[in-house]
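Colleague: turn this into a structure:
(one chain, ligands or ions: 1)
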Amino acid sequence: MLGPHLRETVGGGANTIEPPVPTVHSIADYQRAYADGQRLRGLRSACGFVTATWGLVCPRCGAADLAEVELSGRGRVVALSVQHVPSDEFVNEAPYAYVVVELDEGGRISGWIAGVADEAAVPIGTRVRWSPSYKPGVQFERDPDPAPGGSPP
Ligand SMILES: [Zn+2]
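Modeller: Coordinates of the predicted model:
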């Protein structure tokens, strides 16, 4: 099947080449990616900036050239807050750590780590990996196999 930027011609029609249509990503794309638990997707700009946050333009250079990239889901904790009073979705998970993770590919993503009652249990710099599950949000767990050279500062 041809993409929308390619037009099938039959019998020597006009020989026109149309420019490719930029892929427009929707919030629904991200929800599906999280929901199927198979992939963590991000966007990369030609300037090199990677973001795990949905958007139409690069937040660094403003270019509308974002291309989809696969993220490993590995990174390190750069911020956290222990939640003892959860929202309804997390009522069975408290206490847990709400975390901001800087991914190895670049970009930051918010998520949570189960079973954390004390901030000292997850020091800033802790290596974590995405843990796909049926639970809400983007769940992380401590990475038992930290990336080579990925030791925290
Ligand atoms: Zn950019």
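
Colleague: show me where pLDDT drops low in this protein?
Modeller: Across the chain, the stretches falling below the confidence threshold (pLDDT under 70) are 1-17, 19-27, 29-38, 146-153.

Colleague: write out the residues of it neighbouring the ion.
Modeller: For the chain, the residues found near the ion under the criterion Cβ under 5 Å from the ion are Ser45, Cys47, Phe49, Cys58, Arg60, Cys61. Every C-beta, even on glycine, is put in place using the N, C-alpha and C of the backbone.

Colleague: quick check: closest non-adjacent residue to the second one.
Modeller: On the basis of Cβ to Cβ, 6 or more residues apart in numbering, the spatially nearest residue to Cys47 that is not a chain neighbour turns out to be Cys61, at 4.5 Å.

Colleague: the one you found touches Gly48, doesn't it?
Modeller: No. Applying Cβ atoms under 8 Å, one finds Cys61 not in contact with Gly48, separated by 9.3 Å.

Colleague: give the buried residues for the helix or strand where Arg76 lies.
Modeller: When secondary structure is defined using DSSP states H and E, the element that contains Arg76 is strand 74-83. When burial is assessed from 16 or more other Cβ atoms under 10 Å, strand 74-83 yields the following buried residues: Arg74, Gly75, Arg76, Val77, Leu80, Val82, Gln83.

Colleague: quick one: contacts for the residue nearest to the spatial centre of the chain?
Modeller: A centroid search over the chain (Cα atoms, centre = their mean) returns Ala52, at 3.7 Å, as the residue closest to the centre. Neighbour list for Ala52: Leu40, Arg41, Gly42, Leu43, Leu71, Leu103, Gly107, Arg108, Ile109 [criterion: Cβ atoms under 8 Å, 6 or more residues apart in numbering].

Colleague: the same query, at a cut-off of 6 Å, please.
Modeller: For Ala52, the contact set (Cβ atoms under 6 Å, 6 or more residues apart in numbering) comprises Gly42, Gly107, Ile109.
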